[in-house]
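Participant: Got a predicted structure plus its sequence, pasted below:
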Amino acid sequence: MENRNNVTVFILLGLSHSKNIEITCFVLFLFCYIAIWMGNMLIMISITCSQLIEQPMYFFLNYLSLSDLCYTSTVTPKLMTDLLAERKSISYSNCMIQLFTTHLFGGIEIFILTGMAYDRYVAVCKPLHYTTIMSRQRCNAIIVACCTGGFIHSASQFLLTIFLPFCGPNEIDHYFCDVYPLLKLACSNTHIIGLLVIANSGLIALVTFVVLMLSYFFILYTIRAFSAESRSKALSTCTSHVTVVVLFFAPALFIYIRPATTFPEDKVFALFYTIIAPMFNPLIYTLRNAEMKSALKKVWCRHLPLEGK
């Protein structure tokens, strides 16, 4: 592989060539990254230290928050460092590591969201069998399947890219290493590899999105017969998940479901699933969820003196 690969360092063109815009973006993303860590850690600690961890929905939410932290940390720190750097470079080996880890944690997140949709489907459509179907053993098996699926997806992307010859140029028109920008730089015919990438990333995103939408179609169909109060409660637990799914999947589908090509807008759309979605997930799940608010109060306010005492 070495004798066909003359590139040892890639140059990341980043989000903008304007220094003022880069400094503004750095401040914005710094606040976003702090908010991501604070929000997701708050959720993880609150769920782990309360009875919510016993409920499958929050069991999955705990792992979703962990995958959010891992996923955004593969991209955001490097992006912020590059925004202040004169030369935005990344070594070939670090580029391949970043490619592997972003798709690993991104894949895990996609599958966890699918698992959460299955949980909501069982809760609403098969309530009498819910505790039997969504046992802790089943929940653990789903998480293992999510991690395995993410690894297989990531390994496939990695293997499709690692053997590509790069002879120059070495400028990646993106703020992190992804498959499509790298295919553009390869000094060989990448048509077949491009189709395989679409079959991998594109189909996974599309199929899981369709499965998610079908689960919510069945949920909406089932709750028609519910009372107004029960219908409102069922919808409140599902709305948060649907919001997160749309925020994450819409830009991902735009990038990965089309032929292997790149557009300048890709960088903006990628911000949604690498930074924006992980930042809004804690807000979406806490602001619209009474149980989560109650758990936060119990965990974080238990040592505060009660009002009136």
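Facilitator: Everything's here; your move.
Participant: After the helix or strand hosting Phe218, which helix or strand is next?
Facilitator: Per DSSP states H and E, Phe218 falls inside helix 203-222. Using DSSP H and E, the helix or strand that follows helix 203-222 in sequence is helix 228-256.
Participant: which other helices and strands contact that following helix?
Facilitator: Here helix 228-256 touches helix 92-125, helix 203-222, helix 266-271, helix 277-287, going by 3 or more Cβ pairs under 8 Å, 6 or more residues apart in numbering; DSSP states H and E. To be clear about C-beta, it is placed using only N, CA and C from the backbone, and glycine gets the same treatment.
Participant: just the angle between it and helix 277-287, please?
Facilitator: 180 degrees (axes from the mean of the first three to the mean of the last three Cα atoms, to 10 degrees).
Participant: quick one: the helices in the stretch 1-150 of the chain?
Facilitator: Here the stretch 1-150 of the chain has its helices, by DSSP state H, counting those that start in this stretch, at 19-48, 56-73, 76-84, 92-125, 130-133, 136-162.
Participant: possible to save those helices as CSV with mean neighbour count and mean pLDDT?
Facilitator: Below are the helices of the stretch 1-150 of the chain laid out as CSV (neighbours: other Cβ atoms under 10 Å; pLDDT from 0 to 100):
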stretch, mean neighbour count, mean pLDDT
helix 19-48, 17, 91
helix 56-73, 23, 92
helix 76-84, 18, 92
helix 92-125, 21, 91
helix 130-133, 12, 91
helix 136-162, 16, 93
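Participant: Tell me which of the ones you listed sits nearest to Asn189.
Facilitator: Nearest of the helices of the stretch 1-150 of the chain to Asn189, taken as Cβ to Cβ: helix 136-162 at 13.6 Å.
Participant: just to revisit the earlier point, out of the helices and strands packed on helix 228-256, which comes closest to Thr239?
Facilitator: helix 277-287 (8.8 Å).
Participant: Averaged pLDDT, the following helix or strand past that closest one. What do you get?
Facilitator: Helices and strands here follow DSSP H and E; after helix 277-287, the next one along the chain is helix 290-300. Averaged across helix 290-300, the pLDDT comes to 71.
Participant: got the buried residues for helix 290-300?
Facilitator: Of the residues in helix 290-300, 292, 295-296, 299 count as buried by neighbour count, 16 or more other Cβ atoms under 10 Å.
Participant: Need the contact partners of it.
Facilitator: Residues outside helix 290-300 that contact it (Cβ atoms under 8 Å, 6 or more residues apart in numbering): 42-43, 45-47, 49-52, 58, 236, 285-286.
Participant: Any stretches of the stretch 201-309 of the chain with poor pLDDT?
Facilitator: Low-confidence segments of the stretch 201-309 of the chain, defined by pLDDT under 70: 237, 260, 287-290, 300, 302-309.
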